[in-house]
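>>> Turn this into a model:
(chains A and B)
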Amino acid sequence: MVEDLAQALLEIIVNSISAGAHNIMIQFIVSELNNDIILQVEDDGKGMDAETIERVTNPFYTSRKTRKVGLGLAFFKGLSEMLNGSFRIDSEVGKGTTVRMTMEKNNIDLPKQGNLGEMMMIALHSGPDCEFTFTYQYNEARFDFDTKQVKEILETNRISDPDVLMWVKDFINQEVERTQTEVL
Amino acid sequence: MKSLEDLKRMRASVQKKMEMRDTDKDYRVVVGMATCGIAAGARPVLNRLVELTGAGEYSCTVTQTGCIGMCKYEPIVEVYDKEGKKTTYIFVNPAKAETILERHIGKGEVVTEYTVDSISDERLGN
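So this is what the prediction gives:
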């Protein structure tokens, strides 16, 4: 059950925050030439050992204590496989984790893109002490967002202010749309 | 059009708000944002809460938490008062979130009809 791609990405980002990451790099890359979409989240959190990586895509694995099933990563692995893509986790204990999923773009089962501005807003709200970069690429056009830049302009380390979060949401959605329609 | 220039204009007011410590707020509003919450519609709920608290008229902070452990009642919003007393609202949507802000945070009255204690067992599927 993946409603949209923004939801899938958000869940991977939330995993990174839970893993104690300080820096989280998020990429959403659409290529018409390759007919694919690549979603990637790279973090410098606590990482996982080989055995844990094996287990995380099992729906009955979770690190949480409140319920016995995890589901998140299992869904995304299933989704990318259904869409003739791939799902890959690279991780090293103490270094961090990279989750990368690829999907076929022109596929009837491809979920819609979803609200990426809202996704970043929720991510920033969820991990107020993390630094985030977000890259959206559509063919050759590209948009980069960096929380460090926002903090620099605001001259504060705390950007969990509601007005800032709403700006982030609107700004990212606007720039994503612009990137998609940019004529090259 | 949104631009980085907007942030420069917001700088003074954001810094001023940041000086007020969160502990001075009367309430803490917590939204469950695990897979279960998100799948049930917690994203627009959080969105609305953040949007409505931006003006600063409500004395509360809005934060996120993971799975609360009652997945089938999601989206769940918990309101903590200064004494740490918790009220659990279940099956919340953006409209209910707005009501909770208005009545609970704004006027200090619990919105009884949305709490986990008052929704019938039948509705809960028990």
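>>> which residues touch stretch A:100-114?
Identification of contacts with stretch A:100-114 by Cβ atoms under 8 Å, 6 or more residues apart in numbering or on different chains yields A:2-8, A:30-32, A:34-40, A:76-77, A:79-80, A:82-90. Every residue, glycine included, has its C-beta placed from N, CA and C.
>>> ok, which stretches of chain B are helices?
Secondary structure of chain B by DSSP state H: the helices cover B:4-19, B:35-40, B:42-53, B:94-100, B:107, B:121-124.
>>> Kindly reformat these as a markdown table and extend each row with mean neighbour count.
Below are these laid out as a markdown table (neighbours: other Cβ atoms under 10 Å in any protein chain shown):
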| stretch | mean neighbour count |
| --- | --- |
| helix B:4-19 | 14 |
| helix B:35-40 | 23 |
| helix B:42-53 | 23 |
| helix B:94-100 | 18 |
| helix B:107 | 8 |
| helix B:121-124 | 9 |
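>>> The lowest-mean-pLDDT helix or strand in chain A packs against which elements?
The least trusted helix or strand in chain A, going by mean pLDDT, DSSP states H and E, turns out to be helix A:50-56, with a mean of 82. Packed against helix A:50-56 by the contact rule (3 or more Cβ pairs under 8 Å, 6 or more residues apart in numbering or on different chains; DSSP states H and E) you find strand A:87-92.
>>> Give me the contacts around the strand it packs on.
A:47-48, A:52-53, A:56-57, A:73, A:76-77, A:80-81, A:97-102.
>>> Sheet partners, orientation included, of that strand?
In the sheet, strand A:87-92 lines up against strand A:96-104 (antiparallel) (DSSP bridges).
>>> Check which element follows the strand it pairs with along the chain.
Sequence-wise, the next helix or strand downstream of strand A:96-104 (DSSP states H and E) is helix A:116-126.
>>> Check the offset of the least confident helix or strand of chain A from the chain's centre.
20 Å (Cα atoms, centre = their mean, to the nearest Å).
>>> circling back: narrow the contacts of stretch A:100-114 to those that are buried.
A:2, A:4-8, A:30, A:36-40, A:76-77, A:79-80, A:83, A:85, A:87, A:89 (16 or more other Cβ atoms under 10 Å in any protein chain shown).
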